[in-house]
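S.K.: The sequence and its predicted three-dimensional model are supplied below.
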Amino acid sequence: MERFLKLKERGTTVKIEFIAGMTTFFAMVYILMVNANMFANPFGDGSNPLGVSYGAIYIATAISAIVGTILAGFISNLPLAQASGMGLNAFFVYTVCIGFGLISYIVISVFCGDAKKVKGSSWVIAGLFIAMLLLTH
């Protein structure tokens, strides 16, 4: 493991990386809960004006963090973690959805057409568009 991760070359040890990994893990768990709550209960009063499921947002955030972290780790061979940007999500929830009065699935259907008739390639195009927004932010 030492040779593969090049720990000595990078001036670290397994213990330090373990502690850093646990710290990152707990930060990611915090992001999962806060992000899901931000979408499912944005006012903190139990209302759900966006009509989204806490569990669905939690799982979607977790899957995106897993995929992003695995890709970042393998591509760079560095201990990088990727998670949803809570600032961008807050902007989406409080400004786009609540401030402009749009519901999240309506916003998605703007990018993809009718959300009930979305074809596979449309989701790819929407994903690329969102990635472009994130990379240029």
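M.R.: Okay, I see it. Numbering: from 1, shown residues only.
S.K.: contacts, neighbours, all on C-alpha from now
M.R.: Noted.
S.K.: End to end on stretch 5-12, go ahead and measure it.
M.R.: 10 Å (CA to CA, to the nearest Å).
S.K.: what comes into contact with that stretch?
M.R.: Glu2, Thr13, Val14, Asn77, Leu78 (CA atoms under 8 Å, 6 or more residues apart in numbering).
S.K.: Secondary structure, distance to Asn41 and pLDDT for the residues you listed - can I get that in a markdown table?
M.R.: Below are those laid out as a markdown table (DSSP: H, G, I helix; E, B strand; the rest coil; distance: CA to CA, whole Å; pLDDT from 0 to 100):
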| residue | secondary structure | distance to Asn41 | pLDDT |
| --- | --- | --- | --- |
| Glu2 | helix | 44 | 72 |
| Thr13 | coil | 41 | 86 |
| Val14 | helix | 40 | 86 |
| Asn77 | coil | 37 | 80 |
| Leu78 | coil | 35 | 80 |
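S.K.: Val93: which of the residues you listed is nearest?
M.R.: Nearest to Val93 among those: Leu78, at 32.0 Å, using CA to CA.
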